[in-house]
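**Q** Need coordinates for the following:
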Amino acid sequence: MATIEGDFYSWSEENVNKVQEKPAKYELYDESRLLLYIGSTGNLSERFKHYLSTDFDGNPCKRRTRSYKRQYVNTEQEAKRLEEENLKEYQARYGKLPSCNERIG
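**A** Purely as a prediction, here's the structure:
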């Protein structure tokens, strides 16, 4: 499974405010570091600040987020491609998508 290598960041206003305004693929994790969601965006700072201000758009699944990983890339298209590849890999390995992802594509 091609999850992002590297650091987990605690889901907090302080950390969200440090996120760069760049395209990225990201992963959301619960308190036991179970992968909840794989996503991508053209502007990670904007996406995470939106999640913070709306409590994840009221999504009870994503509200379980306690940490995240992120991988900055050059373009939104590259981020989307990585997201789709990782979702397919996860589904092939576990027979389902992460609990907060509804579908591929």
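**Q** Counting residues, which helix of this protein comes out longest?
**A** helix 76-94 (DSSP state H).
**Q** And that helix, what's buried?
**A** Residues of helix 76-94 classed as buried by neighbour count (16 or more other C-beta atoms under 10 Å): 78-80, 82-83, 86-87, 90. Just so you know, the C-beta spots here come from the backbone N, C-alpha and C atoms, and that holds for glycine as well.
**Q** same thing with stretch 42-58?
**A** Under the neighbour-count criterion of 16+ other C-beta under 10 Å, stretch 42-58 has 43-45, 47-49, 51, 56 buried.
**Q** sorry, back to before: considering the buried residues of helix 76-94, which is situated nearest to Leu34?
**A** Among the buried residues of helix 76-94, Tyr90 lies closest to Leu34 (C-beta to C-beta), at 12.1 Å.
**Q** give the contact list for the closest one.
**A** For Tyr90, the contact set (C-beta atoms under 8 Å, 6 or more residues apart in numbering) comprises 1, 35, 38, 97-98.
**Q** I'd like to know which of these are buried.
**A** In those, the ones that pass as buried (16+ other C-beta under 10 Å) are 35, 38, 97-98.
**Q** Pull the most distant pair out of those.
**A** Greatest spacing in those, by C-beta to C-beta: Leu35 and Leu97 (10.1 Å).
**Q** Regarding Tyr26, what is its secondary structure?
**A** strand (DSSP: H, G, I helix; E, B strand; the rest coil).
**Q** and it, bridged to which residues?
**A** Beta-bridge pairing for Tyr26 (DSSP bridges): Gly39, Arg70.
**Q** Could I get the pLDDT score of Phe48?
**A** As predicted, Phe48 sits at a pLDDT of 98.
**Q** Over to Lys18?
**A** Per-residue pLDDT puts Lys18 at 96.
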